[in-house]
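S.K.: Quick one, what's the 3D model for this:
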Amino acid sequence: MRVDGTAGSATPKRVTKRRIQTRERLLDAALLVFADEGFGRSTVEQVCERAGYTRGAFYSNFASLDELFLAMWEQRSAQMLIDVREADVATRAKQQGPVTLEAMTAALLEAIPVDDRWYRITAEFTAHALRNPSLKRVMAARENAILATILPLVEAGLAGVGRRATDPQALGRALVAVHDGTTVQCLMEPESDTVRRARTNLFVSVLRNYSEEV
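M.R.: Sure thing, here's the model as predicted:
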(Lines give C-alpha, C1' and ligand atoms only; values in the text may rest on other atoms or scores of the structure.)
Protein backbone atom coordinates (compact mmCIF):
# COMPACT_ATOMS: atom_id res chain seq x y z
CA MET A 1 0.00 0.00 0.00
CA ARG A 2 1.29 3.43 -0.92
CA VAL A 3 0.83 6.19 1.64
CA ASP A 4 2.94 8.94 0.10
CA GLY A 5 0.14 10.51 -1.94
CA THR A 6 1.68 9.77 -5.34
CA ALA A 7 -1.03 7.26 -6.29
CA GLY A 8 1.56 4.91 -7.72
CA SER A 9 3.27 7.39 -10.01
CA ALA A 10 7.04 7.37 -10.32
CA THR A 11 7.04 11.16 -10.78
CA PRO A 12 5.51 13.34 -8.03
CA LYS A 13 2.59 15.40 -9.31
CA ARG A 14 2.85 19.18 -9.28
CA VAL A 15 0.83 20.66 -6.43
CA THR A 16 -1.53 23.32 -7.76
CA LYS A 17 -4.27 25.34 -6.09
CA ARG A 18 -6.86 23.36 -8.00
CA ARG A 19 -5.30 20.07 -6.91
CA ILE A 20 -5.32 21.19 -3.27
CA GLN A 21 -9.00 22.16 -3.56
CA THR A 22 -9.82 18.79 -5.11
CA ARG A 23 -8.10 16.92 -2.27
CA GLU A 24 -9.91 19.02 0.32
CA ARG A 25 -13.30 18.33 -1.24
CA LEU A 26 -12.56 14.61 -1.42
CA LEU A 27 -11.45 14.59 2.22
CA ASP A 28 -14.58 16.49 3.31
CA ALA A 29 -16.81 14.16 1.30
CA ALA A 30 -15.09 11.07 2.68
CA LEU A 31 -15.68 12.21 6.25
CA LEU A 32 -19.43 12.36 5.56
CA VAL A 33 -19.53 9.08 3.67
CA PHE A 34 -17.50 7.19 6.27
CA ALA A 35 -19.69 8.57 9.06
CA ASP A 36 -22.94 7.73 7.25
CA GLU A 37 -22.03 4.36 5.77
CA GLY A 38 -19.21 3.08 7.94
CA PHE A 39 -15.68 2.71 6.58
CA GLY A 40 -16.09 -0.95 5.64
CA ARG A 41 -19.18 -0.25 3.53
CA SER A 42 -17.95 2.93 1.87
CA THR A 43 -16.81 2.97 -1.75
CA VAL A 44 -14.73 5.24 -3.94
CA GLU A 45 -17.86 5.86 -6.03
CA GLN A 46 -19.76 7.13 -2.99
CA VAL A 47 -16.97 9.53 -2.07
CA CYS A 48 -16.75 10.79 -5.66
CA GLU A 49 -20.51 11.29 -5.88
CA ARG A 50 -20.59 13.25 -2.61
CA ALA A 51 -17.63 15.39 -3.70
CA GLY A 52 -18.89 15.89 -7.25
CA TYR A 53 -15.87 14.33 -8.93
CA THR A 54 -15.07 11.36 -11.15
CA ARG A 55 -13.09 8.27 -10.20
CA GLY A 56 -10.22 9.75 -12.21
CA ALA A 57 -10.09 12.76 -9.90
CA PHE A 58 -10.01 10.44 -6.92
CA TYR A 59 -7.20 8.23 -8.20
CA SER A 60 -5.12 11.20 -9.27
CA ASN A 61 -5.00 12.15 -5.58
CA PHE A 62 -5.30 8.90 -3.62
CA ALA A 63 -4.37 5.30 -4.36
CA SER A 64 -7.12 3.89 -2.13
CA LEU A 65 -9.64 4.64 0.58
CA ASP A 66 -6.99 3.58 3.07
CA GLU A 67 -4.65 6.28 1.82
CA LEU A 68 -7.46 8.83 1.86
CA PHE A 69 -8.27 8.01 5.49
CA LEU A 70 -4.61 8.35 6.51
CA ALA A 71 -4.49 11.77 4.84
CA MET A 72 -7.65 12.74 6.73
CA TRP A 73 -6.14 11.51 9.99
CA GLU A 74 -2.94 13.45 9.38
CA GLN A 75 -4.94 16.60 8.62
CA ARG A 76 -7.00 16.33 11.80
CA SER A 77 -3.93 15.51 13.90
CA ALA A 78 -2.14 18.61 12.63
CA GLN A 79 -5.14 20.76 13.52
CA MET A 80 -5.34 19.18 16.97
CA LEU A 81 -1.71 20.08 17.64
CA ILE A 82 -2.42 23.68 16.66
CA ASP A 83 -5.43 23.73 18.99
CA VAL A 84 -3.39 22.29 21.87
CA ARG A 85 -0.72 24.98 21.46
CA GLU A 86 -3.35 27.73 21.33
CA ALA A 87 -5.16 26.29 24.36
CA ASP A 88 -1.97 26.54 26.41
CA VAL A 89 -1.50 30.18 25.41
CA ALA A 90 -5.16 30.93 26.16
CA THR A 91 -4.92 29.33 29.61
CA ARG A 92 -1.90 31.38 30.58
CA ALA A 93 -3.51 34.57 29.29
CA LYS A 94 -6.68 34.02 31.36
CA GLN A 95 -5.00 33.09 34.65
CA GLN A 96 -4.42 35.89 37.13
CA GLY A 97 -1.97 33.83 39.15
CA PRO A 98 0.07 30.67 38.61
CA VAL A 99 -1.50 28.21 36.18
CA THR A 100 -2.85 25.16 38.00
CA LEU A 101 -2.65 21.54 36.87
CA GLU A 102 -6.46 21.43 36.79
CA ALA A 103 -6.69 24.54 34.58
CA MET A 104 -4.01 23.21 32.23
CA THR A 105 -5.80 19.88 31.96
CA ALA A 106 -9.17 21.48 31.26
CA ALA A 107 -7.65 23.63 28.51
CA LEU A 108 -5.97 20.63 26.88
CA LEU A 109 -9.20 18.61 26.92
CA GLU A 110 -11.07 21.48 25.29
CA ALA A 111 -8.53 21.31 22.47
CA ILE A 112 -9.17 17.56 22.02
CA PRO A 113 -12.96 17.40 21.69
CA VAL A 114 -15.03 14.25 22.02
CA ASP A 115 -16.32 13.87 18.46
CA ASP A 116 -18.92 11.13 17.95
CA ARG A 117 -18.57 11.04 14.16
CA TRP A 118 -14.78 10.97 14.14
CA TYR A 119 -14.63 8.35 16.89
CA ARG A 120 -16.91 6.00 14.93
CA ILE A 121 -14.80 6.41 11.79
CA THR A 122 -11.48 5.84 13.55
CA ALA A 123 -12.80 2.86 15.51
CA GLU A 124 -13.95 1.19 12.30
CA PHE A 125 -10.69 1.97 10.52
CA THR A 126 -8.67 0.65 13.45
CA ALA A 127 -10.57 -2.64 13.26
CA HIS A 128 -9.83 -2.71 9.53
CA ALA A 129 -6.13 -2.00 10.13
CA LEU A 130 -5.87 -4.82 12.67
CA ARG A 131 -6.64 -7.26 9.85
CA ASN A 132 -3.93 -5.78 7.62
CA PRO A 133 -0.34 -6.14 8.94
CA SER A 134 1.19 -3.48 6.67
CA LEU A 135 -1.56 -0.98 7.44
CA LYS A 136 -1.26 -1.76 11.14
CA ARG A 137 2.43 -0.85 11.01
CA VAL A 138 1.63 2.44 9.28
CA MET A 139 -1.00 3.25 11.91
CA ALA A 140 1.38 2.44 14.77
CA ALA A 141 4.15 4.57 13.27
CA ARG A 142 1.84 7.53 12.82
CA GLU A 143 0.42 7.18 16.33
CA ASN A 144 3.97 7.19 17.69
CA ALA A 145 4.82 10.28 15.63
CA ILE A 146 1.77 12.12 16.97
CA LEU A 147 2.61 11.11 20.53
CA ALA A 148 6.19 12.32 20.06
CA THR A 149 4.84 15.69 18.95
CA ILE A 150 2.30 16.02 21.75
CA LEU A 151 4.59 14.97 24.61
CA PRO A 152 6.79 18.12 24.48
CA LEU A 153 3.60 20.21 24.71
CA VAL A 154 2.43 18.23 27.73
CA GLU A 155 5.86 18.51 29.34
CA ALA A 156 5.86 22.26 28.72
CA GLY A 157 2.44 22.46 30.35
CA LEU A 158 3.72 20.53 33.37
CA ALA A 159 6.72 22.84 33.60
CA GLY A 160 4.30 25.77 33.69
CA VAL A 161 2.77 24.39 36.87
CA GLY A 162 6.11 23.50 38.47
CA ARG A 163 6.19 19.78 37.61
CA ARG A 164 8.15 17.45 35.35
CA ALA A 165 7.34 14.03 33.91
CA THR A 166 9.11 11.16 35.66
CA ASP A 167 8.66 8.86 32.65
CA PRO A 168 7.46 10.81 29.57
CA GLN A 169 6.82 7.74 27.43
CA ALA A 170 4.76 6.03 30.12
CA LEU A 171 2.89 9.29 30.70
CA GLY A 172 2.08 9.55 27.00
CA ARG A 173 0.78 5.99 26.81
CA ALA A 174 -1.31 6.49 29.93
CA LEU A 175 -2.86 9.68 28.55
CA VAL A 176 -3.77 7.93 25.30
CA ALA A 177 -5.37 5.06 27.22
CA VAL A 178 -7.39 7.42 29.41
CA HIS A 179 -8.44 9.47 26.39
CA ASP A 180 -9.65 6.43 24.46
CA GLY A 181 -11.50 4.93 27.40
CA THR A 182 -13.21 8.08 28.64
CA THR A 183 -14.16 9.13 25.11
CA VAL A 184 -16.41 6.07 24.86
CA GLN A 185 -17.97 6.86 28.23
CA CYS A 186 -18.66 10.48 27.22
CA LEU A 187 -20.24 9.38 23.94
CA MET A 188 -22.45 6.86 25.70
CA GLU A 189 -23.67 9.51 28.17
CA PRO A 190 -23.26 12.82 26.32
CA GLU A 191 -25.45 14.80 28.73
CA SER A 192 -23.74 13.58 31.90
CA ASP A 193 -21.71 16.22 33.72
CA THR A 194 -20.57 13.49 36.11
CA VAL A 195 -18.88 11.58 33.29
CA ARG A 196 -17.23 14.75 32.00
CA ARG A 197 -15.90 15.65 35.43
CA ALA A 198 -14.64 12.11 35.93
CA ARG A 199 -12.80 12.35 32.59
CA THR A 200 -11.06 15.55 33.66
CA ASN A 201 -10.22 14.15 37.10
CA LEU A 202 -8.70 11.02 35.57
CA PHE A 203 -6.46 13.11 33.34
CA VAL A 204 -5.38 15.22 36.30
CA SER A 205 -4.60 12.07 38.30
CA VAL A 206 -2.51 10.60 35.49
CA LEU A 207 -0.57 13.83 35.02
CA ARG A 208 0.05 14.09 38.75
CA ASN A 209 1.03 10.43 39.23
CA TYR A 210 3.45 10.42 36.31
CA SER A 211 5.12 13.66 37.31
CA GLU A 212 6.81 15.29 40.28
CA GLU A 213 7.32 18.78 41.67
CA VAL A 214 10.48 20.63 40.75
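S.K.: Just the element for the spatially most central residue of the chain, please.
M.R.: The centre of the chain sits closest to Ser77, judged by CA atoms, centre = their mean, with a distance of 4.1 Å. Assigned by DSSP states H and E, Ser77 falls within helix 65-94.
S.K.: Tell me the spacing between the residue nearest to the centre of the chain and Thr22.
M.R.: As defined by CB to CB, to the nearest Å, Ser77 lies at a distance of 21 Å from Thr22. (Glycine included, C-beta is placed from N, CA and C.)
S.K.: Below-threshold pLDDT in this structure: ranges please.
M.R.: Across the chain, the ranges flagged by pLDDT under 70 are 1-15, 96.
S.K.: ranges for the helices of it?
M.R.: Applying DSSP state H to the chain gives helices spanning 17-37, 44-51, 55-59, 65-94, 101-111, 116-130, 133-160, 168-188, 193-209.
S.K.: Contact partners for Arg164?
M.R.: Counting by CB atoms under 8 Å, 6 or more residues apart in numbering, Arg164 touches Glu155, Leu158, Ser211, Glu212, Val214.
S.K.: Who does the residue nearest to the last one when sequence neighbours are not counted form a beta bridge with?
M.R.: With sequence-adjacent residues excluded and distances taken as CB to CB, 6 or more residues apart in numbering, Val214 is closest to Arg164, at 5.1 Å. For Arg164, the beta-bridge assignment (DSSP bridges) gives partners Glu212.
S.K.: list the contacts for the residue nearest to the centre of the chain?
M.R.: Arg142, Ile146.
S.K.: ok, it to Val33 distance?
M.R.: As judged by CB to CB, Ser77 and Val33 stand 20 Å apart.
S.K.: Could you do Leu26 as well?
M.R.: For Leu26 relative to Val33 (CB to CB), the value is 10 Å.
S.K.: Then Tyr210?
M.R.: 39 Å.
S.K.: Now do the shared contacts for Leu26 and Val33.
M.R.: Val47.
S.K.: and the closest residue to Leu187 other than its chain neighbours, how many residues sit next to it?
M.R.: Residue nearest to Leu187 in three dimensions, not counting chain neighbours: Asp116, with 5.4 Å by CB to CB, 6+ apart. Neighbourhood size, Asp116 [other CB atoms under 10 Å]: 12.
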